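Got a predicted structure here, sequence first:
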Amino acid sequence: MDLTRTEVTVRRDRRGSAARLGLIAVPVAFFAVFFAYPVAAIVARGLKVDGVWRFGRIGEVLAQSDVRHVLWFTTWQAIVSTALTLLVALPGAYVFARFDFRGKQVLRAVVTVPFVLPTVVVGTAFLALVGRGGLLDELWGVRLDTTVWAILLAHVFFNYAVVVRTVGGLWAQLDPRQEEAARMLGASPLRAWRQVTLPALAPAVAAAALMVFLFTFTSFGVVQILGGPTFSTLEVEIYRQTSEIFDLSTAAVLTLIQFVAVGAILALHAWTVRRRETALRLVDPSVTARRPRGTGQWALLGGVLVTVSVLLLLPLAVLVQRSLDAPGFGYYRALTREDGGVFLVPPIEAIGNSLSYAVAATLIAVVIGGLAAVALTRRDAGRFVRGFDALLMLPLGVSAVTVGFGFLIALDAPPLDLRSSWILVPLAQALVGVPFVVRTMLPVLRAVDVRLREAASVLGASPWRVWREVDLPMVRRALLIAAGFAFAVSLGEFGATVFIARPDNPTLPVAVARLLGRPGELNYGQAMALSTILMVVCAVALLVLERLRTDRTGEF
């Protein structure tokens, strides 16, 4: 009888492994064709001459002083942006974790809005605040555009929610009685926090810092709009070398450098996430939050509210105000007219284009990301499966500019001649949406009691039926949230879309960038109006997600 049970267990494990490999085959094929192949194609085009690899070109590019300056600026601004974001956002993480106050859920959604906004909109909002003719210029004659301060502030604005969500989510689940016990033993509040709470939070702080560093290291839209000709990150320089100078060999070298750096960052991030998952005993967040008590705690809450208002809400409010400067909604009405210049259609059509592309990209991302998340559910998965988990995050850090241009180079011959197909844009956008789907669904899938699956299998259910009748009812809410994040991210994708969106079918971020690139008050006002529309759509999507969210619906 024991032998029979062993055989049944082995067969069930083999069947589960085969099903898991079958599930992961589709995401692997998708990433191989639409990510690895285009990136490899553009690198090969830049470093191959007459069929011979010119790896010596790497040394030649790195020897150029302007390239070294770009590398230095990319690195130090990412370090400073990360430090400033942690400094500003950690008090907010504590407030959301430990305080219970009226309007907390609405404020949480407001804090997260900048993170899902397209970087083009972030750059435009800060341009309206600190640029020529902006609020600071009108009030005090101060301009910060084309300075590094505008870039740093915009990066803090964009990544504030990363720290609040990542660190605050863990902080809310730490048992406060451990710190209280240390204080009863004579430790001061600062010492108790430093020796008890901080070590427990360290993995979450490290994970948040690495994600902020990744997003700022690969910053494109913010630097492109606010940095002017003075400042250039690796991503901006890849775009310039590709689309303006047409120096593919330099672009290929910069892509390889960025790829190596991003790979190292993601490896460190995966390690910190594993520590966060395994090192702590957590409690229900609902029992750790309470109303602020005492002058100090109310002052802290007030300080966080002021920070959110000035840093997060003010740029968005100025953006809306600038879009309404023309009487009678003039800038919005101008969007309905065909200008015959940069656009072949009225700019307002970019709204419909963006929505249709985002819906298609969301469907692709949910299918690919859902299959990957199911395959990655078991923690004892093989090394190949665990490695693929890390690779899924690469599209968040690898140059979207390289991917977009790689699409044009690689997908230009049968059976993958897609350059004239509308599906090209959703495919590029889905690459960025898949990591959000996986990271949202995976923790929830892993929380499903494995004994329920085993019981269904013992009763003869196939892997597909087990998923349909056991997992799906429990993760339906997470699936909807994953789809919402994929939709918001796809809606604002810019780096790859700017290459492959056709002039007669521009997306909202591409239309905003083109309008900002043209002189004239009308073009500037239309850019503000389109950015406001995009911001409202993203904000509505996020508010819907917050109503669906529970405390266990993933990492985002």
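That came through, no problem. Residues are numbered from 1 along each chain as shown.

For burial, what's the neighbour tally of V26?
14 (other Cβ atoms under 10 Å). To be clear about C-beta, it is placed using only N, CA and C from the backbone, and glycine gets the same treatment.

if I pick it, what's in contact with it?
Shown in contact with V26 (Cβ atoms under 8 Å, 6 or more residues apart in numbering): V367, I368, L371.

Okay, and it sits in which element?
Using DSSP states H and E, the element containing V26 is helix 2-31.

Next secondary structure after that helix?
By DSSP H and E, the next helix or strand past helix 2-31 is helix 37-47.

Can you give the distance of that next one from its chain's centre?
Centroid separation between helix 37-47 and its chain, computed with Cα atoms, centre = their mean, to the nearest Å, is 25 Å.

repeat for stretch 104-120
Relative to the chain's own centre, stretch 104-120 is displaced by 12 Å; criterion: Cα atoms, centre = their mean.

Buried residues of it, list them for me.
For stretch 104-120, burial by neighbour count (16 or more other Cβ atoms under 10 Å) applies to 107-120.

Now do the helix or strand containing V260 against helix 37-47: the angle between them, please.
V260 belongs to helix 248-278 when assigned by DSSP H and E. Interaxial angle of helix 248-278 relative to helix 37-47 (axes from the mean of the first three to the mean of the last three Cα atoms, to 10 degrees): 140 degrees.

Surely F220 and E237 touch.
No: F220 is not in contact with E237 according to Cβ atoms under 8 Å; the separation is 10.1 Å.

Which one of those two is surrounded by more residues?
More crowded of F220 and E237, by other Cβ under 10 Å: E237, with 25 against 22.

Contact partners for L371?
L23, I24, V26, P27.

Just the buried subset of the residues you listed, please.
By neighbour count, with 16+ other Cβ under 10 Å, these hold L23, I24, P27 as buried.

Check pLDDT for those residues and point me to the minimum.
pLDDT across these is lowest for L23, at 73.

how's this structure carved up into domains?
Domains of the chain are assigned by the TED database as 54-323, 325-555.

Can you tell me which of those is nearest to V39?
Nearest to V39, of all the domains of the chain, is domain 325-555, at 5.4 Å by Cβ to Cβ.

Just give me how far the closest one sits from the chain centre.
Between the centre of domain 325-555 and the centre of its host chain there is 10 Å, according to Cα atoms, centre = their mean.

Give the rounded mean pLDDT of that domain.
Here the average pLDDT along domain 325-555 is 78.

do the same with stretch 115-125
Mean pLDDT, computed over stretch 115-125, is 80.

Just give me the closest of the buried residues of stretch 104-120 to G433.
Of those, the one sitting nearest to G433 (Cβ to Cβ) turns out to be V116, at 11.5 Å.

residues contacting that closest one?
With Cβ under 8 Å, 6+ apart, V116 has these contacts: F485, A488, V489, G492, C538, A541, L542.

Can you classify P503 by secondary structure?
For P503, the secondary structure call by DSSP: H, G, I helix; E, B strand; the rest coil comes out as coil.

for F246, that is, sorry about that
Under three-state DSSP, F246 comes out as coil.

I'd like the distance between it and F436.
33 Å (Cβ to Cβ, to the nearest Å).

for the stretch 151-300 of the chain, what spans make up the helices?
176-184, 189-192, 198-217, 221-226, 234-243, 248-278, 294-307 (DSSP state H, counting those that start in this stretch).

what's the closest of those helices to T74?
Of all the helices of the stretch 151-300 of the chain, helix 234-243 sits nearest to T74, with 4.8 Å by Cβ to Cβ.

Pull out the buried positions in that closest one.
For helix 234-243, the neighbour count (16+ other Cβ under 10 Å) marks L234, E235, V236, E237, I238, Y239, R240, Q241, T242 as buried.

List the buried residues of the helix or strand where A358 lies.
Of the helices and strands defined by DSSP H and E, A358 is found in helix 349-375. Neighbour counts using 16+ other Cβ under 10 Å place 349-351, 353-355, 357-358, 360-375 of helix 349-375 among the buried residues.

Repeat that for stretch 405-423.
For stretch 405-423, by 16+ other Cβ under 10 Å, it's F405, G406, F407, L408, A410, L411, L418.

what distance separates the start and the end of it?
Taking Cα to Cα, to the nearest Å, stretch 405-423 runs 15 Å from one end to the other.

can you list the residues that contact that stretch?
Here stretch 405-423 makes contact (Cβ under 8 Å, 6+ apart) with 33-34, 37-42, 45, 242-243, 251, 357, 360, 424, 427-428, 496, 499-500, 505.

List buried residues within these.
Neighbour counting with 16+ other Cβ under 10 Å marks 34, 38-39, 41-42, 45, 242, 251, 357, 360, 424, 427-428, 496, 499-500, 505 as buried within the contacts of stretch 405-423.

hmm, back to that, let's have the buried ones among the contacts of L371 in a markdown table, adding distance to I533.
As requested, the buried ones among the contacts of L371 are exported to a markdown table (distance: Cβ to Cβ, whole Å):
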| residue | distance to I533 |
| --- | --- |
| L23 | 38 |
| I24 | 38 |
| P27 | 33 |
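
quick one: which of those residues is nearest I265?
P27 (21.7 Å).
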